[in-house]
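Engineer: Generate a structure from the sequence data that follows.
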Amino acid sequence: MHADPKPYVLAMSFALTFGSALLPTGNPQNFLLAARGNISFLHFALLAFLPTFLALMTSFFFLRSIYKTDLQEDVMPKDPLSLEIHPYPYMRKTGLLALLSMIVGMIVSSFLNLSMAVTILVVVGVFLFFTPDRDTLLSKMDWSVFLLFSGLFIIEDFIIRDPIIFHEAIALMNRLQPNYQGFVIFSLALFVISQLISNVPAAILISQLLPHTTLNLPIFWITAAIITTFAGATTVLGAASNILVIQVSEKRGLKISWWEFTRIGLPLSCLILAEMILSGLVWFKFVV
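Structural biologist: Have a look, this model is predicted:
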């Protein structure tokens with residue numbers, strides 16, 4: 001298209017992060033916290049809709065204001081556009097069927113009190129069982145990202161296993177009341193923690209602490225999932241999806257530095273954190 005690809009790549013990265021907050025299956029931290037907090041699929045989606053919608057709209061207007069000049073250019077393809085051919089075209093219908101089955105299974109699990117983990121394992125297991133190229137698909141996964149986050153999980157596990165740190169963290173959280181003020185302090189603290197150890201390790205950490213506190217309520221479990229998700233948009237290392245987008249873009253000739261990403265991600269995340277706090281005000285007035 002002969003257009004500056006940066007705003008589009010950044011928009012994709014932020015959309016992956018903010019959009020994944022809507023459902024328990026949107027990302028690992030959502031699934032972990034929804035499962036351990038015993039939050040149903042529909043309950044999670046209903047509360048997450050408002051902050052997710054606001055985050056997506058804010059990212060759109062924010063990026064459009066920053067890249068206003070670039071996006072106003074009259075861009076038309078000068079060369080014929082050719083789509084990349086999918087290496088496994090016969091999987092498209094099977095993959096779509098598996099995706100729809102997973103969504104239906106998640107909704108059904110909300111009414112039958114079934115484990116979301118079991119539903120996902122069954123669907124993915126059946127899909128891989130009937131896929132002849134399962135080994136090739138697994139080999140194409142970016143295992144270096146898994147190694148990176150494995151290191152972060154080791155750090156998080158050290159914190160959990162230290163009895164002094166663990167009990168002090170619980171004591172601090174028990175000072176908060178399960179009201180709107182406690183919600184604000186909880187959200188701000190979790191946002192900062194997510195910047196220090198990344199969002200998925202932060203979700204694992206908070207999932208170990210919440211059951212032992214006065215905040216062991218569905219609204220705080222859902223808040224933890226959304227806050228850790230939104231915090232991932234601040235820096236490149238904030239979420240695995242950021243790393244994948246930046247890596248793929250660099251392989252195709254577009255380099256986005258850590259500072260360039262943070263220069264946009266930090267103020268955008270702060271704006272969306274403020275919107276999340278306003279969403280909490282709506283929750284505590286009309287839902288809780």
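
Engineer: any weak-confidence spans in the stretch 101-250 of the chain?
Structural biologist: Low-confidence segments of the stretch 101-250 of the chain (pLDDT under 70): 110, 156, 159.

Engineer: SS state for residue 62?
Structural biologist: Assigned with DSSP: H, G, I helix; E, B strand; the rest coil, residue 62 falls in the helix class.

Engineer: How about it: what's its closest non-neighbour residue?
Structural biologist: Spatial nearest neighbour of residue 62, excluding adjacent residues (CB to CB, 6 or more residues apart in numbering): residue 268 at 5.2 Å. To be clear about C-beta, it is placed using only N, CA and C from the backbone, and glycine gets the same treatment.

Engineer: Look up how far residue 143 lies from the residue nearest to residue 31 when sequence neighbours are not counted.
Structural biologist: Among residues not flanking residue 31 along the chain, residue 24 sits closest, at 5.4 Å (CB to CB, 6+ apart). Plainly put, residue 24 is 25 Å away from residue 143 if you go by CB to CB, to the nearest Å.

Engineer: Residue 212 now?
Structural biologist: Distance of residue 212 to residue 143, computed by CB to CB: 35 Å.

Engineer: what's the answer for residue 5, then?
Structural biologist: According to CB to CB, residue 5 stands 27 Å off from residue 143.

Engineer: Just the CA atoms of stretch 28-44, as PDB, please.
Structural biologist: Output of stretch 28-44 as PDB, limited to C-alpha atoms (Å, rounded to 0.1, in the frame of the first residue of the first chain):
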ATOM      1  CA  PRO A  28      -3.800 -16.800  29.800                       C
ATOM      2  CA  GLN A  29      -4.400 -14.500  32.700                       C
ATOM      3  CA  ASN A  30      -8.100 -14.200  32.000                       C
ATOM      4  CA  PHE A  31      -8.500 -18.000  31.900                       C
ATOM      5  CA  LEU A  32      -6.300 -18.500  35.000                       C
ATOM      6  CA  LEU A  33      -8.200 -16.000  37.200                       C
ATOM      7  CA  ALA A  34     -11.600 -16.900  35.900                       C
ATOM      8  CA  ALA A  35     -11.000 -20.600  36.600                       C
ATOM      9  CA  ARG A  36      -9.500 -20.100  40.100                       C
ATOM     10  CA  GLY A  37     -12.100 -17.500  41.000                       C
ATOM     11  CA  ASN A  38     -14.900 -19.700  39.700                       C
ATOM     12  CA  ILE A  39     -16.200 -17.000  37.400                       C
ATOM     13  CA  SER A  40     -18.600 -18.100  34.700                       C
ATOM     14  CA  PHE A  41     -18.000 -17.300  31.100                       C
ATOM     15  CA  LEU A  42     -21.000 -15.000  30.800                       C
ATOM     16  CA  HIS A  43     -20.500 -13.200  34.100                       C
ATOM     17  CA  PHE A  44     -16.900 -12.400  33.100                       C
END
